[in-house]
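A.B. asks: Generate a structure from the sequence data that follows.
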Amino acid sequence: MNFSLPIIAGNFGYMKKYVEENGVGVCVPPDDPVALANAIKDLLLQPEKITQMGLNGVKAVDEKYNWQLMSRSYINIINGLINRV
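C.D. replies: The predicted structure follows:
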């Protein structure tokens, strides 16, 4: 995502939620090669959509999904567990 490229992911679980909430790509059924091909084709026909999804990906990494922010969350979780003991 930090390369300004959209993601094409399987439409299940956390990946689907992540892709949709951040507007960073398209989700397709993981066992449907035709849907995958159509998703690629659709994106290639919409360069402005590729650009926007790429920008959304960079923003998501900068604001939500980077090691500095994630490490703070992990430290808070660990401290909470330690304090419960």
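
A.B. asks: any idea where the helices of this protein begin and end?
C.D. replies: Along the chain, the stretches classed as helices by DSSP state H are 13-22, 33-44, 47-63, 67-84.

A.B. asks: okay, the ones you listed in CSV with mean pLDDT next?
C.D. replies: Listed next are the helices of the chain as CSV, based on pLDDT from 0 to 100:
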stretch, mean pLDDT
helix 13-22, 93
helix 33-44, 97
helix 47-63, 94
helix 67-84, 86
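
A.B. asks: Out of the ones you listed, which gets nearest to residue 1?
C.D. replies: Smallest distance to residue 1 across the helices of the chain (C-beta to C-beta): 3.2 Å, for helix 47-63. Every C-beta, even on glycine, is put in place using the N, C-alpha and C of the backbone.

A.B. asks: Next, the buried residues of that closest one.
C.D. replies: Of the residues in helix 47-63, 49-50, 53-54, 56-57, 60-61 count as buried by neighbour count, 16 or more other C-beta atoms under 10 Å.

A.B. asks: Quick check: which of the helices of the chain is nearest to residue 4?
C.D. replies: The nearest among the helices of the chain, by C-beta to C-beta, is helix 47-63 at 3.4 Å.

A.B. asks: From the chain's centroid, how far away is the closest one?
C.D. replies: 10 Å (C-alpha atoms, centre = their mean, to the nearest Å).

A.B. asks: now that helix against helix 33-44, angle please.
C.D. replies: Per axes from the mean of the first three to the mean of the last three C-alpha atoms, to 10 degrees, the angle that helix 47-63 makes with helix 33-44 is 90 degrees.

A.B. asks: let's have the chain start at 26 instead
C.D. replies: All right, first residue 26 from here; so that's helix 72-88.

A.B. asks: what's helix 72-88 packed up against?
C.D. replies: helix 38-47, helix 58-69 (3 or more C-beta pairs under 8 Å, 6 or more residues apart in numbering; DSSP states H and E).
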